[in-house]
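J.: here you go, sequence then predicted model.
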Amino acid sequence: MYITVKQPVALQEVRLHQMKKITMIEIAEELGVSKSTVSRAFDPSSNISNEVRNRILEYAKEKNYVLNRAASRLSMREINIGMLYPDMYSYATNEFIRGIKDGSRELFDLKVNIDFYPYDRSDMNAEKLSSFLSGLKNFDGLIVNGFTGHDEIAVLNRYSESGIKLAVLQSDVPELNKLFASCHDPALSSAMAAEFISNCLFFSESKNVVLFTGDRNSELHRIAEKCFLEAAAKNRLNVTGSFDMKDSPDILGEQLEQLYGRDGEKPDAIYITSGESLPLCRYISENGFSDSTVLVTFDVYPEIIGYISSGTVNATFYQNHYKQGKNAFTNLVRYLIGQSDVDSFVSPVPEIVMRSNLRFYTN
């Protein structure tokens, strides 16, 4: 099942002018070339000599003329973009799609189609991925999320070799031949978490901390673990345990029983890098550990808001899935139409949310 958003095309040309208006026709007449040649000069992939292109662009710059990309694309074919994502963490998925749809509305005057393809993470493998991608050969770009296996990455790399540009969402994949990654910064959020916990435990003699990460097959959570351990050491925190809960609430529940079952020890603070933290919040609350445990989590969604309001969660990170999705779409489109280059890593700044500022992150 997928959703298709078809975009209308505006039939308008916009000119940027300061002292004098100038049109594409006037540029063509002044330089002795056709109007179509002027139009092609603004398209990096068009078949035009460098000498002619540079002459047109330099003259346009001198006259403060900026070609409207929407108008220039009227005679060009449509751009097709797909998003391939695991349908497992509904909060993130909904925010990604909301950001992409808002991005598509802002670029409504371009010939861009966006299709959404959810997949079952537990049922996906390299063979199925290869078969699915064979039906997307007419695409210009693909936004992907959730692929971490070497065989899957190899399939995606072969797919990109055909000229289809890939953008990675939520977590970077260094081995993937991608245009860029749009995700939050796990190194920065881990450093912020360690500093926050350190400040909370400033007057405490005991500074024992436990770390839970999401699936460490993901680069995001591997970096989060590495950087949190380094930041914890700098802030004189004692990390007594580090668990890979694999983004699974069931596994997290088992690990909590293991943690609190050994010698009856209770950590002074816990940091979890996965949004699937509800079993941890419930455990801390139901066992009366809220007043004695500093708990730092991820994301702001309806089920966790009550735990933030009650003080069970001392702080949570807003990684802005909405902006990640919007950045992935708009940067990919602007690159494909030749409007701009893009950095290899695009990231909104992590924001820390507490009870005092929670109202700014809820509707």
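T.: It's in. Keep in mind the model is a prediction, meaning the values are calculated, not measured. Residues are numbered from 1 along each chain as shown.
J.: quick check: residue 56 touching residue 41?
T.: Yes. Under the criterion of CB atoms under 8 Å, residue 56 makes contact with residue 41 at 3.9 Å. C-beta coordinates here come from the backbone N, C-alpha and C atoms, glycine included.
J.: pretty sure residue 240 belongs to a strand, no?
T.: Yes. According to DSSP: H, G, I helix; E, B strand; the rest coil, the state of residue 240 is that of a strand.
J.: off-centre distance for the helix or strand containing residue 94?
T.: For residue 94, the host element (DSSP states H and E) is helix 90-106. Centre-to-centre, helix 90-106 and its host chain are 11 Å apart (CA atoms, centre = their mean, to the nearest Å).
J.: list the helices and strands that helix packs on?
T.: Here helix 90-106 touches strand 79-86, strand 112-119, strand 165-170, helix 321-336, going by 3 or more CB pairs under 8 Å, 6 or more residues apart in numbering; DSSP states H and E.
J.: and those as CSV, adding mean neighbour count, distance to residue 154 and mean pLDDT?
T.: Shown next, in CSV, are the helices and strands packed on helix 90-106 (neighbours: other CB atoms under 10 Å; distance: least, CB to CB, whole Å; pLDDT from 0 to 100):
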stretch, mean neighbour count, distance to residue 154, mean pLDDT
strand 79-86, 22, 16, 93
strand 112-119, 19, 17, 93
strand 165-170, 23, 13, 94
helix 321-336, 23, 22, 93
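J.: can you give me the strands in the stretch 1-150 of the chain?
T.: 4-5, 79-86, 112-119, 141-144 (DSSP state E, counting those that start in this stretch).
J.: what is the mean pLDDT for the shortest one?
T.: Spelled out, that is strand 4-5. For strand 4-5, mean pLDDT is 44.
J.: and the last one, by the same measure?
T.: Predicted confidence along strand 141-144 averages 96 (mean pLDDT).
J.: tally of neighbours for residue 125?
T.: As a burial measure, residue 125 scores 11 neighbours (other CB atoms under 10 Å).
J.: what's the separation between residue 166 and residue 362?
T.: For residue 166, the distance to residue 362 equals 34 Å [CB to CB, to the nearest Å].
J.: out of the helices and strands packed on helix 90-106, which is closest to residue 253?
T.: Taking CB to CB, strand 79-86 is the member of the helices and strands packed on helix 90-106 nearest to residue 253, at 21.1 Å.
J.: ok so, going back, got a list of contacts for the helix holding residue 94?
T.: Residues from elsewhere that reach helix 90-106 (CB atoms under 8 Å, 6 or more residues apart in numbering): 5, 7, 83, 85, 87, 112, 114, 116, 118, 143, 145, 169-170, 275, 299, 301, 321-330, 333.
J.: closest one to residue 294 among the strands of the stretch 1-150 of the chain?
T.: Comparing the strands of the stretch 1-150 of the chain by CB to CB, strand 79-86 comes nearest, at 31.1 Å.
J.: mind saving the C-alpha coords of that closest one as PDB?
T.: Listed next in PDB are the C-alpha coordinates belonging to strand 79-86 (Å, rounded to 0.1, in the frame of the first residue of the first chain):
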ATOM      1  CA  ILE A  79      10.700  14.100 -11.300                       C
ATOM      2  CA  ASN A  80       9.700  10.900  -9.400                       C
ATOM      3  CA  ILE A  81      10.800  10.400  -5.800                       C
ATOM      4  CA  GLY A  82      10.000   7.600  -3.500                       C
ATOM      5  CA  MET A  83      10.300   7.000   0.300                       C
ATOM      6  CA  LEU A  84      11.000   3.500   1.500                       C
ATOM      7  CA  TYR A  85      10.600   3.100   5.300                       C
ATOM      8  CA  PRO A  86       9.900   0.500   8.000                       C
END
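J.: and that strand, which strands flank it?
T.: strand 112-119 (parallel), strand 141-144 (parallel) (DSSP bridges).
J.: quick one, the first one and helix 321-336 angle?
T.: What it means is strand 112-119. 130 degrees (axes from the mean of the first three to the mean of the last three CA atoms, to 10 degrees).
J.: quick one, strand 112-119 and helix 90-106 angle?
T.: Going by the same axes, to 10 degrees, strand 112-119 makes 170 degrees with helix 90-106.
J.: so what touches stretch 132-139?
T.: With CB under 8 Å, 6+ apart, stretch 132-139 has contacts from 80-82, 84, 117, 119, 142, 155-156, 159, 162, 164.
J.: can you redo those as TSV with distance to residue 293?
T.: Putting the contacts of stretch 132-139 into TSV (distance: CB to CB, whole Å) gives the following:
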residue	distance to residue 293
80	49
81	44
82	43
84	38
117	41
119	37
142	42
155	43
156	41
159	46
162	51
164	47
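J.: greatest separation within those: which pair is it?
T.: Pairwise over the contacts of stretch 132-139, using CB to CB, the maximum falls at 119 and 162, 20.5 Å.
J.: ok so, going back, would you turn the helices and strands packed on helix 90-106 into TSV with distance to residue 104?
T.: Shown next, in TSV, are those (distance: least, CB to CB, whole Å):
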stretch	distance to residue 104
strand 79-86	9
strand 112-119	5
strand 165-170	14
helix 321-336	7
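J.: so for residue 354, which of these sits nearest?
T.: Closest among these, using CB to CB: helix 321-336, at 19.6 Å.
J.: after the closest one comes which helix or strand?
T.: strand 345-346.
J.: let me see the ranges of the strands in the stretch 251-363 of the chain.
T.: Using DSSP E, counting those that start in this stretch, strands in the stretch 251-363 of the chain cover 269-272, 294-298, 315-318, 345-346, 351-353.
J.: I am finished for the moment; much appreciated.
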